[in-house]
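S.K.: Sequence and computational prediction follow.
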Amino acid sequence: SSDEDRRLEEHLKSATSLVCSGREPLSPNKVEVNQGADGRILFYFPKTEAITAKDKTVEFRIAMQSMDLRKKFTLKDMEFKDKLDL
C-alpha cells in the first residue's frame, strides 16, 4: 500500500468506532484500504470485549471533520442457528 493509503488507514483507524450502549466505544486495531476489485475498506476490531446478543444493537461510526457516518445494526438480525455470528 502507498504512503497515501497508510495515512488514510491511520486516519480512519482513529476516526472509527463500534458503539454498544453502556460500554466504551471500541476502536479498530487495523484498517486496510483499497481491498479487492471494488476498493473496499476492511476494519478489524479486537475481540477482547465480546459483543453479545444482550447488547441488542451495535453502531458502526466514522466521525471525521467533513462527515459523520453512522450505521446501527440489530444483533438479533446477525444470528445464525440461534447464535450471534460476528
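M.R.: Here it is on my side, so go on.
S.K.: mind listing the helices for this structure?
M.R.: Using DSSP state H, the helices of the chain run over 3-15.
S.K.: Pass me the low-pLDDT residue ranges in it, would you?
M.R.: 1 (pLDDT under 70).
S.K.: All the strands of it, residue numbers only.
M.R.: Remark: strands assigned in the chain by DSSP state E are 16-19, 30-35, 40-44, 57-63, 68-74, 79-80, 83-84.
S.K.: so of the ones you listed, which one's packed in deepest?
M.R.: Of all those, strand 16-19 has the most neighbours on average by mean count of other Cβ atoms under 10 Å, namely a mean of 18. The way it works is simple: take the backbone N, C-alpha and C, and place the C-beta from them, glycine included.
S.K.: what does that strand contact?
M.R.: 25-28, 31, 43, 45, 51, 58-63 (Cβ atoms under 8 Å, 6 or more residues apart in numbering).
S.K.: In TSV: those residues, plus distance to Leu8.
M.R.: Conversion of the contacts of strand 16-19 to TSV gives the following (distance: Cβ to Cβ, whole Å):
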residue	distance to Leu8
Pro25	20
Leu26	20
Ser27	16
Pro28	13
Val31	8
Phe43	13
Phe45	18
Ile51	26
Val58	24
Glu59	22
Phe60	17
Arg61	17
Ile62	12
Ala63	15
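S.K.: which of the residues you listed sit farthest apart?
M.R.: Ile51 and Ala63 (19.7 Å; Cβ to Cβ).
S.K.: Nearest to Glu79, out of the contacts of strand 16-19: which one, please.
M.R.: Ile51 (12.3 Å).
S.K.: what about the closest one, how many residues close to it?
M.R.: For Ile51, the neighbour count with other Cβ atoms under 10 Å is 19.
S.K.: quick one: contacts for it?
M.R.: Neighbour list for Ile51: Leu18, Cys20, Val58, Leu75, Leu84, Leu86 [criterion: Cβ under 8 Å, 6+ apart].
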